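In: Kindly generate the corresponding structure for this input.
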Amino acid sequence: MLKKYIEKNQDKFLNELLDFLKIQSVSADPKFKDEVLKGAKFLEEKLQAAGAENICIHETKGHPIVYADKIIDKELPTVLVYGHYDVQPADPYELWDSDPFDPVVKKTPIHPHGAIFARGACDDKGQMYMHVKAFEAMLKTNNLPCNVKFMFEGEEEVGSANLETFVRANTELLKADVVLVSDTGIIANDTPSICVGLRGLSYVEVEVTGPNRDLHSGLYGGGVANPINILSKMIASLHDENGAINIPGFYNDVQVVSKEERKEMAKAPFDIHDYQKDLEIEDVAGENGFSTNERTSIRPSLDVNGIWGGYIGDGAKTVLPSKAYAKISMRLVPNQNSETITKLFTNHFNKIAPSCIKVKVTPHHGGEGVVIPTDFPGYMAAKKAMETSFGKSPIPVRSGGSIPIVPMFEEVLGLKTILLGFGLDSDVIHSPNEHFGLFNYFKGIETIPLFYKNFTELKKN
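Out: Numbers count the residues shown, from 1 in each chain. A predicted model of the protein is given here:
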């Protein structure tokens, strides 16, 4: 019955997602504030239609949080589903092959059944909406085996600034046995995997100021410090010749992964030549002594996410700028503390600044890394669900990304999180032409009810 319901309603499930993706719920840009609210109201409507109860759009100091639940028996386990309906900005629009907010389905070599091209298709609207449709299918066919609570936020892409406040104020409302999140991926469509580790994050913005105004580069060039030149040198010094991060104390708390675990990680299918070909690069780069997969998962990193200053318009303007700026993210591994790393960076950046300029470091947001155990009911339920839907056992992998709310859920709610994602690295989230395979979307809707069934059975025993 459940499988037939999903098959019968595939067109409906797809069209609803396409409508959802048309909503420009960009949380980072104030001009899209009404669109973000529109995304919340869309979820309110669809959750109600699916059969959820106690649906409420909770206001925050930023964008709202959508809550809903279905409590069928208080004696049964409860699954808390988290997702986010906000999306990254679509810029630069000119690099998209189609309108980022007018989703289209196209076939690709990796997605022969088709993929949805739109901003948020994979991160996270498509993956989040799988849970709404899986819930609908379970409820409409009398196959919901336990209680479910939904919490969908509209600020994940800007650091979830108000989520922790909401969670701390509503611990009783959010009481559950496990958190279920689909905001990660699998190795390939024929190689399922479950994410068991995430990196933390420290995100800062730096401002370098030289003279009190922009100057004529002919009259002052060579006599006054150029903030862009200075900032470039300072940033270049943040890595040593071996690719390691050159900040005193940065590695003090880095968790050393054993040789045995590194050997297990190396079993995951990975072709360095395909990796380079996909990215159109001649070679990889990073910290010496570690593989590419290790560099992006069990080792910390530091990257400039944006840099600007001076004149960048058409033609020429011979200006020596007053200021230069950069946004810098540091991905952290378990045991590293984001606040500690932010302080270390700030102190170091101020220390290496020459006296001819002034430096200002502004912390934005951060979060801690996490490792998820593979011996508790949540993981075992997810593993068995994937074994059933994919026909093979999933590989436990660590991701280089950050989901800061995962350690927060454990601290505040005492709950571990299962990261049951279905995206692919090739889905280019956060980039132009983001997409999500139809196979992946429907495979998620098929697998999620199996998780509920398995988890309920494991908790009963």
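
In: Identify all contacting residues around the lowest-mean-pLDDT helix or strand in the chain.
Out: The helix or strand of the chain with the poorest confidence is helix 259-265; it has a mean of 85 (mean pLDDT, DSSP states H and E). For helix 259-265, contacts defined as C-beta atoms under 8 Å, 6 or more residues apart in numbering pick out 257, 293-294, 297-298, 397-398. Bear in mind the C-beta positions are built from the backbone N, C-alpha and C, glycine included.

In: In strands, which of those fall?
Out: 397-398 (DSSP state E).

In: where do the strands sit along the stretch 201-350 of the chain?
Out: Ranges of strands in the stretch 201-350 of the chain, per DSSP state E, counting those that start in this stretch, are 215-216, 301-309, 319-320, 323-332.

In: For the first one, enumerate the helices and strands it packs against.
Out: Read that as strand 215-216. strand 319-320 (3 or more C-beta pairs under 8 Å, 6 or more residues apart in numbering; DSSP states H and E).

In: need the contact list for Gln336.
Out: Gln336 neighbours (C-beta under 8 Å, 6+ apart): 200, 253-255, 300, 368-369.

In: cool, and Val196?
Out: Val196 is in contact with 371-374, 379, 396-398, 419, counting by C-beta under 8 Å, 6+ apart.

In: between these, which is nearest Pro109?
Out: When the contacts of Val196 are compared for distance to Pro109 (C-beta to C-beta), Val397 comes out closest, at 23.1 Å.

In: SS state for Lys31?
Out: Secondary structure for Lys31, judged by DSSP: H, G, I helix; E, B strand; the rest coil, is helix.

In: and it, how far is that from Ile312?
Out: 22 Å (C-beta to C-beta, to the nearest Å).

In: now do Ala50
Out: 48 Å.

In: quick one on the thing from earlier: can you put the contacts of Val196 in a markdown table and add pLDDT, neighbour count and distance to Gly437?
Out: Putting those into a markdown table (pLDDT from 0 to 100; neighbours: other C-beta atoms under 10 Å; distance: C-beta to C-beta, whole Å) gives the following:
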| residue | pLDDT | neighbour count | distance to Gly437 |
| --- | --- | --- | --- |
| Val371 | 90 | 16 | 28 |
| Ile372 | 91 | 21 | 25 |
| Pro373 | 90 | 9 | 29 |
| Thr374 | 91 | 13 | 26 |
| Tyr379 | 97 | 21 | 24 |
| Pro396 | 91 | 17 | 22 |
| Val397 | 91 | 21 | 19 |
| Arg398 | 90 | 25 | 23 |
| Leu419 | 97 | 25 | 18 |
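
In: what's the model's confidence in stretch 186-195, averaged?
Out: For stretch 186-195, the mean per-residue pLDDT is 95.

In: neighbouring contacts of it?
Out: 110, 184-185, 268-269, 372, 379, 382-383, 386, 390, 392-399, 418-424, 437, 439-440, 443.

In: just checking, which of those belong to helices?
Out: Among the contacts of stretch 186-195, the residues falling in helices (DSSP state H) are 379, 382-383, 386, 390, 439-440, 443.

In: now, among the residues you listed, which is nearest to Pro100?
Out: For these, the nearest to Pro100 is Asn440 (19.0 Å; C-beta to C-beta).

In: Could you check how far the closest residue to that closest one other than its chain neighbours is from Val104?
Out: Once flanking residues are discounted, Asn440 sits nearest to Phe422: 4.4 Å by C-beta to C-beta, 6 or more residues apart in numbering. Distance, Phe422 to Val104, using C-beta to C-beta: 20 Å.

In: Show me the two of the contacts of helix 259-265 that sit farthest apart.
Out: The widest separation within these (C-beta to C-beta) is 12.9 Å, between Val257 and Val397.

In: Quick one: the helices in this protein, in order.
Out: Here the chain has its helices, by DSSP H, at 2-8, 10-21, 33-50, 125-140, 163-169, 217-220, 227-236, 259-265, 272-279, 292-295, 338-351, 377-390, 405-413, 438-460.
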